[in-house]
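[1] After the sequence you'll find the predicted model.
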Amino acid sequence: MGKYPRQEILDAFDAYNAAREHALETGDWSRWVDCFREDAHYIEHAYGEFHGREAIREWITKAIKPFPTMIFPIDWWAFDEENGAIVLQVQNCLPHPTDPTGEVFQFPNWTRLVYGGDGLWASEEDVYNPKRDAPRVVGAWLEAGGKFASEEFITEAEFTEDTKKAGG
């Protein structure tokens, strides 16, 4: 048995997912960010490390800005009760830009959440290869008619110049 009760962690995971769904529907990521402790640590392999809830808030609002239609469906998740952690695989998924029933453009991301008590997460790490996957997937989405909602990118690690040019 871990430091926190199983149900407490699962309830926090439900709240995290509900907040993410709210963010995807509204474009407001504040409720999702509020699922983290004030001193949370977030590791994102394309954008770097963020220390503290407000740093996470600043990053996510900038990072998602070009892609307001992106969704993150969960393929599977596993519970590590002893360490108070949940590992999940999500898809970084852009729906088809012109055909609601058309092909989606996506690549996988593995996330590890570590619980920190009081219904809040102490850390998150997202593990994926955006240098390999994002240009291919975003490029195909752009070719299908997708458009960036913003030209603002906060890192060059995720997108090549060719991908950016295709979008604008």
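    Ah, there it is.
[2] How about the contacts made by residue 102?
    96, 144 (Cβ atoms under 8 Å, 6 or more residues apart in numbering). Every residue, glycine included, has its C-beta placed from N, CA and C.
[3] Any regions of the protein where pLDDT drops low?
    In the predicted model of the chain, residues 153-168 satisfy pLDDT under 70.
[4] CA atoms of the longest helix anywhere in it as PDB?
    If you go by DSSP state H, the chain has its longest helix at helix 6-26. Only the C-alpha atoms of helix 6-26 are listed here, as PDB (Å, rounded to 0.1, in the frame of the first residue of the first chain):
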ATOM      1  CA  ARG A   6      -6.200   4.300  -3.800                       C
ATOM      2  CA  GLN A   7      -9.600   5.900  -4.100                       C
ATOM      3  CA  GLU A   8      -8.200   9.400  -3.300                       C
ATOM      4  CA  ILE A   9      -5.700   9.000  -6.200                       C
ATOM      5  CA  LEU A  10      -8.400   7.700  -8.600                       C
ATOM      6  CA  ASP A  11     -10.700  10.600  -7.600                       C
ATOM      7  CA  ALA A  12      -7.900  13.000  -8.400                       C
ATOM      8  CA  PHE A  13      -7.400  11.300 -11.800                       C
ATOM      9  CA  ASP A  14     -11.100  11.600 -12.600                       C
ATOM     10  CA  ALA A  15     -10.900  15.400 -11.700                       C
ATOM     11  CA  TYR A  16      -7.700  15.800 -13.900                       C
ATOM     12  CA  ASN A  17      -9.500  14.200 -16.800                       C
ATOM     13  CA  ALA A  18     -12.700  16.200 -16.300                       C
ATOM     14  CA  ALA A  19     -10.600  19.400 -16.100                       C
ATOM     15  CA  ARG A  20      -8.800  18.400 -19.300                       C
ATOM     16  CA  GLU A  21     -12.100  17.800 -21.100                       C
ATOM     17  CA  HIS A  22     -13.400  21.200 -19.800                       C
ATOM     18  CA  ALA A  23     -10.200  22.800 -21.200                       C
ATOM     19  CA  LEU A  24     -10.700  21.200 -24.600                       C
ATOM     20  CA  GLU A  25     -14.300  22.400 -24.800                       C
ATOM     21  CA  THR A  26     -13.700  25.900 -23.600                       C
END
